[in-house]
Structures are given as C-alpha cells and as structure tokens.
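> this is the structure alone, sequence omitted:
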C-alpha cells in the first residue's frame, strides 16, 4: 500500500510539474511571438527618436551638422560631450536645439540603454535611430536589439565617420560583460527604471555664462577652442 501511494504521489507530482512546464513554455513562446510581430511592425514605421551614444564629439558634430532633423522628434545624447559644447555645435550650425536632451549618468554602453529606456517609455518611442562610431557599432547593435527590443523598440544603428580613436574602443570582453549584465537585468527592467538626475535640456544651457567664465572645454576635433571669442566678436558687431 505504501508503495502504491508513493507511485501515485510521484505520478501526480510529475504530471503537475509537466503541466506547469508546458504552461510556462506556452506563455514564453506567446510573448516572444507577440514581441517579434510588434518589432517587425515598428521597424517599418518612421524613426521617432534619435539616440546618440557618447564617446566622441564627432557623433554630436554629425548630429548637428549632417543628420537631417525632423520636427517633433526628440533626441537623447547619453553621456556625450559637455552640454555647453553640444549647444555650441548647434549654435555654430544655426540649428534649433529644441527637443535635445543630454544625460550625464551613464558610464558604460549598458548604462546608456538602461538610463535611456525611461526616456523612450515617456516619449512612446517605437523606432530609434542610434548614432555611434564604427568601432562601437557591434556592441551597440547587440545591446540595443536586446535591451530595447525586449521593450518592443526597434533600433537602427547609424555609423558615424570617425577620425582617430574614440573613447569607447571595442573589446570582446566588454561586449561579453555587457551582454551578461543585460540578460540578468532584463526581467527587472519591466518593474524598475534607473532615473538619471544629471539631465540638461539643450535650449536651457546658458552658453553666455559659460563663455563669460571661459569654461568652454571641448574635444579638439570639435574645433570649438576659440568659439567663445568668435561668438563675442559676432555679438559685438551686431550691436548698434
């Protein structure tokens, strides 16, 4: 009798565990299928957000000088050049800085995306154009497709022409480390959002005050070393 009871209990536990395994597998497959359908749909929609990864001022220069700007498309620059330098680039090109945000919290590619997601949720982003340099494209693509794709956001990566060596040089162990962190972080990303408090809205950056204190310090490639002096001369020439 004891053996019969043991058999029955073992069979019941096996059937129950098999049921739960089947149920969980069905849920996972259903979620992944729905996510794949959503991503394919969003991939075909126009770009609605621009995301710039910091590491070289060349990326912000490309953003201000070359990339066509569409109205009502927000731009997030993640831990890029100092905000006054970005504002100077926009001013030099006579382009509106409206809708451009600069966050200074990220310290890695993983941070770029984890700090970016709260912005993209707030903006209801579905199709992001990501700007980075050639040496960083592979890692940025992997992490972008994984971390943003898990939230239904499609990512197109645009390679910015680069001279010299950017700050975030590609290393295989960096990619592996960030991919591992991303996989561990994904389940929690739906309930927890890291909030960056070091955020500048570009139109609010006071370039007059920065130039008055002579504190416009930017990468040499930006050609902004004498910008404040040139700017002051231009303003004086406009005075009656």
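Yep, it's here. Because the structure is a prediction, the values reported are computed rather than measured.
> got the confidence number for residue 21?
Per-residue confidence (pLDDT) for residue 21: 60.
> now swap in the one 4 residues further on and tell me
Residue 25 is assigned a pLDDT of 60 by the prediction.
> again with residue 155
94.
> was I right about it contacting residue 149?
Yes - taking contacts as CB atoms under 8 Å, residue 155 lies within contact range of residue 149: 7.0 Å. Yep, even glycine has a C-beta here, placed from its N, CA and C like the rest.
> higher neighbour count, these two?
residue 155 (24 against 17; other CB atoms under 10 Å).
> that one belongs to a helix?
No - counting by DSSP: H, G, I helix; E, B strand; the rest coil, residue 155 falls outside a helix, being strand.
> leaving out the residues flanking it, which one is nearest to it?
residue 144 (3.9 Å; CB to CB, 6 or more residues apart in numbering).
> how close does the one you found sit to residue 150?
Per CB to CB, to the nearest Å, residue 144 is found 11 Å from residue 150.
> got the contact list for residue 219?
Applying CB atoms under 8 Å, 6 or more residues apart in numbering to residue 219 gives the contacts 56, 57, 81, 85.
> again with residue 52
Residue 52 neighbours (CB under 8 Å, 6+ apart): 59, 60, 63, 75, 76, 77, 78, 80, 130, 131, 132.
> and the next helix or strand past the helix or strand bottoming out on mean pLDDT in the chain?
Using mean pLDDT, DSSP states H and E, the weakest-scoring helix or strand in the chain turns out to be helix 2-43, at a mean of 58. Sequence-wise, the next helix or strand downstream of helix 2-43 (DSSP states H and E) is strand 49-53.
> might you report the residue contacts of the residue nearest to residue 155?
113, 128, 130, 155, 157.
> of these, closest to residue 93?
Comparing the contacts of residue 144 against residue 93 with CB to CB places residue 130 closest, at 21.2 Å.
> per the record, what domains does the protein have?
The chain breaks down into these domains under automatic domain parsing: 1-44, 47-235.
> highest mean neighbour count out of those domains?
Among the domains of the chain, domain 47-235 has the highest mean neighbour count (mean count of other CB atoms under 10 Å), at a mean of 17.
> in the chain, which spans are strands?
49-53, 75-78, 100-103, 127-133, 154-160, 199-201 (DSSP state E).
> may I see these arranged in a markdown table, with distance to residue 211 as well?
Formatted as a markdown table, the strands of the chain follow (distance: least, CB to CB, whole Å):
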| stretch | distance to residue 211 |
| --- | --- |
| strand 49-53 | 24 |
| strand 75-78 | 21 |
| strand 100-103 | 18 |
| strand 127-133 | 27 |
| strand 154-160 | 27 |
| strand 199-201 | 16 |
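> skipping adjacent residues, who's closest to residue 104 in space?
In space, residue 104 is closest to residue 198, 4.1 Å off (CB to CB, 6+ apart).
> which stretches of this protein aren't confidently modelled?
1-36, 38-42, 164-173, 234-240 (pLDDT under 70).
> how far does stretch 45-64 stretch from start to finish?
24 Å (CA to CA, to the nearest Å).
> which one of the contacts of residue 144 is nearest residue 223?
Out of the contacts of residue 144, the member with the shortest distance to residue 223 (by CB to CB) is residue 130, at 25.0 Å.
> from memory the closest one sits against residue 47, does it?
No - judged on CB under 8 Å, residue 130 makes no contact with residue 47 at a distance of 10.0 Å.
> find residues that contact each of those two.
With CB under 8 Å, 6+ apart, residue 130 and residue 47 have common neighbours residue 156.
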